[in-house]
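Participant: Have a look; sequence and predicted model below, questions after that.
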Amino acid sequence: MATSDDQNIQALFQKGFDFHRQGKFAEAERFYRETLRLAPKHFDALHLLGLLALQSGKAQEGVTLIEQAIASNPNVAAAYNNLGNGLKTLGHCDAALEKFDKAIELEPKMAEAHDNRGNTLSDLKRYDEAQESYTHAINLKPDFAEALFHRGNAFRCLGRFEEALADYGRVVGLRPDFAGAFCNRGNALKELNRYKEALESFKAATQLRPNYAEALFNLGMCELQLGEFEKGWEHYEWRKKSTVPAAARRYVQPAWKGENLAQKTLFVYSEQGFGDTIQFCRYVQRAEKLNASVIVAAPKPLHRLLSPLHVIDEDKTPPHFDYHCAMLSLPMVFKTTLDTIPAEIPYLSADKKEVDFFRTKLLRAKKTRIGFVWAGTPRNERDCWRSLKFEQALPLFENSAVEWISLQHFVPESDVSALAKSGIINWGKDFADFAAAAAAIMALDLVISVDTAVAHLAGALGKPVWILLPFSSDWRWLTERDDTPWYPTARLFRQSKRGEWENVIKEVATEVGRLSQKE
């Protein structure tokens, strides 16, 4: 029979629990702690106080409390599930997996534990295993919208976009108010080159959540891809509140929105990759023509290349300026349309002595000299789609009328052996910076590159460049075209099927053959 003390303790706990369910965390915590003052090993109070701490952003405190709860009762699956979430929040993913496995061992039909296990595997980039965990959760609970959403995300990371699309469709059927599902559905549609449908999905997400930065940013990129620049640049500004925080530097001085710059100083800062800076630094010259002084912050490997401009290191505090602007916001300020892209090529140049140096390194036999880049930086989340394995390009090198030059600065470890055996001249490994790469490019007849900084560099130098694009290309290359208004000397070769480089290489090899015959 329960004593009056037991009844009092349980009443205190129940009050805390009721407040917890109402979202009144401060009141709930007070009653949980009062319960523990009277009963220090009270499992439910320890467990739910720990959960409350997790919900309040106090992960370490929550983990400690739930561990104490489990010490008093080691047979409750929900406690291990919540402990796993706390450990995951702290970045201890392997330990979290062990807790989710224990929760599933105690309660195999706990769909939430399977879902959380999948989320942890996704954090570890073990997407195949993650989608299996999500599938378990969905089989146990077919209307589990969150697990369907998470599995859709895993499928996207695996490049299984049709399956991702199907999962997002089920989610929005179950939860028409799930803005994130509409946003990620748009991303899946974009990867399938279904851009107009993607636009509608992004718009649906923003109608549900008007200031949804990620959806608005992706909407902007989709509009830019379709050539809808006026709306596209405006929505692209949401990158500053989404995944490109470097674009949102804060200064006392105002951001430039098109005000008169005469006798003023504008500070422009790069924000994304080397290629983006090379592509959009052309706007600095346009700003200078407004009778302004322009200071440009850029990464050190670009300093010599951009030396005609007033360049400082990207981490350096700039001298006095009147306005500031992220580099990729300049097209919006200048109201750039497809017809007004500044394409006065070349807008970058190479040092003549360095160009002559590279020319002396070429063989004397009269051949077509072609520079080649097959891989971008692995830090880019889309690198697996835009880069080739070196061996995939071997059919190109069968043409004996061509002298092939590797401009690849970073050679993936898996390609080192194949490159060494190919006999291709390797200049890229010795490039000190992009100015050296520019000089090498100017010594050649043509550059062939995947979508990476060297492609932009060749285009900015006015050198003929053939750019190899994945099935779903970056927004700047628009859709379907084999040319680009950004670089008049560029020619685009696109995959017709995701991941299928064979036909692209075959087409390029044919065109190289025609080119070498003309030389």
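Facilitator: Happy to help now that I have it.
Participant: His409: what secondary structure?
Facilitator: coil (DSSP: H, G, I helix; E, B strand; the rest coil).
Participant: thought it was touching Gly428?
Facilitator: Yes - judged on Cβ atoms under 8 Å, His409 makes contact with Gly428 at a distance of 4.6 Å. Yep, even glycine has a C-beta here, placed from its N, CA and C like the rest.
Participant: just the strands in this protein please.
Facilitator: 265-269, 293-298, 310-313, 323-326, 368-373, 402-406, 425-426, 446-450, 465-469, 490-494 (DSSP state E).
Participant: okay, these in a markdown table with mean pLDDT, mean neighbour count and distance to Lys352 next?
Facilitator: Converted to a markdown table, the strands of the chain look like this (pLDDT from 0 to 100; neighbours: other Cβ atoms under 10 Å; distance: least, Cβ to Cβ, whole Å):
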| stretch | mean pLDDT | mean neighbour count | distance to Lys352 |
| --- | --- | --- | --- |
| strand 265-269 | 97 | 22 | 28 |
| strand 293-298 | 96 | 21 | 23 |
| strand 310-313 | 95 | 17 | 20 |
| strand 323-326 | 96 | 22 | 32 |
| strand 368-373 | 96 | 24 | 18 |
| strand 402-406 | 94 | 21 | 19 |
| strand 425-426 | 92 | 16 | 21 |
| strand 446-450 | 97 | 25 | 19 |
| strand 465-469 | 98 | 24 | 21 |
| strand 490-494 | 98 | 19 | 24 |
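Participant: mind checking which of those is nearest His42?
Facilitator: Between His42 and these, the shortest gap by Cβ to Cβ is with strand 323-326, which sits at 53.9 Å.
Participant: Please name every helix or strand in contact with the closest one.
Facilitator: If you count contacts as 3 or more Cβ pairs under 8 Å, 6 or more residues apart in numbering; DSSP states H and E, strand 323-326 packs onto strand 265-269.
Participant: Can I get the strand it packs on in PDB? Just the C-alpha atoms.
Facilitator: Extracted in PDB, the C-alpha atoms of strand 265-269 (Å, rounded to 0.1, in the frame of the first residue of the first chain):
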ATOM      1  CA  THR A 265      35.000  53.500 -51.400                       C
ATOM      2  CA  LEU A 266      33.200  50.200 -51.900                       C
ATOM      3  CA  PHE A 267      34.400  47.100 -50.000                       C
ATOM      4  CA  VAL A 268      33.700  43.800 -51.900                       C
ATOM      5  CA  TYR A 269      34.300  40.500 -50.300                       C
END
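Participant: about what we covered before: could you export the strands of the chain as a markdown table, including distance to Asn218?
Facilitator: Formatted as a markdown table, these follow (distance: least, Cβ to Cβ, whole Å):
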| stretch | distance to Asn218 |
| --- | --- |
| strand 265-269 | 23 |
| strand 293-298 | 26 |
| strand 310-313 | 31 |
| strand 323-326 | 18 |
| strand 368-373 | 28 |
| strand 402-406 | 35 |
| strand 425-426 | 38 |
| strand 446-450 | 23 |
| strand 465-469 | 19 |
| strand 490-494 | 21 |
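Participant: related to what we said a few turns ago, what residues do His409 and Gly428 have in common as contacts?
Facilitator: Each of Ala437 lies in contact with both His409 and Gly428 under the rule Cβ atoms under 8 Å, 6 or more residues apart in numbering.
Participant: quick one: contacts for the nearest residue to Glu67 once chain neighbours are set aside?
Facilitator: Using Cβ to Cβ, 6 or more residues apart in numbering and skipping the chain neighbours, the partner closest in space to Glu67 is Leu83 (6.6 Å). For Leu83, the contact set (Cβ under 8 Å, 6+ apart) comprises 50, 63, 66-67, 70, 99.
Participant: Adding distance to Arg239, neighbour count and pLDDT, write these out as JSON lines.
Facilitator: Formatted as JSON lines, the contacts of Leu83 follow (distance: Cβ to Cβ, whole Å; neighbours: other Cβ atoms under 10 Å; pLDDT from 0 to 100):
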{"residue": "Gly50", "distance to Arg239": "37", "neighbour count": "26", "pLDDT": "92"}
{"residue": "Val63", "distance to Arg239": "34", "neighbour count": "25", "pLDDT": "95"}
{"residue": "Ile66", "distance to Arg239": "38", "neighbour count": "29", "pLDDT": "94"}
{"residue": "Glu67", "distance to Arg239": "40", "neighbour count": "16", "pLDDT": "95"}
{"residue": "Ile70", "distance to Arg239": "43", "neighbour count": "21", "pLDDT": "96"}
{"residue": "Lys99", "distance to Arg239": "36", "neighbour count": "28", "pLDDT": "97"}
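Participant: Can you give me the distance of Val252 to Lys421?
Facilitator: Separation of Val252 from Lys421 (Cβ to Cβ, to the nearest Å) stands at 57 Å.
Participant: more crowded one of those two?
Facilitator: When Val252 and Lys421 are compared on other Cβ atoms under 10 Å, the one with more neighbours turns out to be Lys421, at 11 against 5.
Participant: That one and Lys389, how far apart?
Facilitator: For Lys421, the distance to Lys389 equals 14 Å [Cβ to Cβ].
Participant: Also Asp123?
Facilitator: Counting by Cβ to Cβ, the gap between Asp123 and Lys389 amounts to 27 Å.
Participant: Flag the helix or strand of the chain with the lowest per-element mean pLDDT.
Facilitator: Least confident helix or strand, the chain: helix 383-386 with a mean of 82, by mean pLDDT, DSSP states H and E.
Participant: Point out where the stretch 1-150 of the chain drops to low pLDDT.
Facilitator: Counting by pLDDT under 70, the stretch 1-150 of the chain has low-confidence residues at 1-4.
Participant: same thing but 50
Facilitator: Low-confidence segments of the stretch 1-150 of the chain (pLDDT under 50): 1.
Participant: Can you show me the helices along it?
Facilitator: 4-21, 25-38, 43-55, 59-72, 77-89, 93-106, 111-123, 127-140, 145-157 (DSSP state H, counting those that start in this stretch).
Participant: any chance you could map the helices in the stretch 201-350 of the chain?
Facilitator: Along the stretch 201-350 of the chain, the segments classed as helices by DSSP H, counting those that start in this stretch run 213-225, 229-236, 274-280, 282-288, 330-333.
Participant: Other residues contacting the first one?
Facilitator: The list of residues contacting helix 213-225 from outside it, by Cβ under 8 Å, 6+ apart, reads 179, 182-183, 186-187, 190, 195, 198-199, 202-203, 205-206, 209, 229, 231-239, 241-244, 475-476, 478-479.
Participant: What of the fourth one?
Facilitator: Contacts made with helix 282-288 from outside it, assessed by Cβ under 8 Å, 6+ apart, are listed as 261, 266, 268, 294, 296, 309, 327, 330-331, 334, 342, 344, 347, 460.
Participant: Out of the helices of the stretch 1-150 of the chain, which gets nearest to Ala509?
Facilitator: Where the helices of the stretch 1-150 of the chain are weighed against each other on Cβ to Cβ, the nearest is helix 145-157, at 32.2 Å.
Participant: ok and the closest one relative to helix 111-123, angle-wise?
Facilitator: Between helix 145-157 and helix 111-123, the angle comes out at 20 degrees (axes from the mean of the first three to the mean of the last three Cα atoms, to 10 degrees).
Participant: quick check: angle from helix 145-157 to helix 127-140?
Facilitator: Orientation check (the same axes, to 10 degrees): helix 145-157 against helix 127-140 gives 150 degrees.
Participant: List the residues that contact Leu140.
Facilitator: With the criterion set at Cβ under 8 Å, 6+ apart, Leu140 makes contact with 109-111, 114.
Participant: picking that back up, now the helices of the stretch 201-350 of the chain in CSV, please, with extra columns for mean pLDDT and distance to Ala166.
Facilitator: Shown next, in CSV, are the helices of the stretch 201-350 of the chain (pLDDT from 0 to 100; distance: least, Cβ to Cβ, whole Å):
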stretch, mean pLDDT, distance to Ala166
helix 213-225, 97, 20
helix 229-236, 97, 27
helix 274-280, 97, 34
helix 282-288, 96, 42
helix 330-333, 98, 36
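Participant: Can you tell me which of those is nearest to Lys366?
Facilitator: helix 274-280 (31.2 Å).
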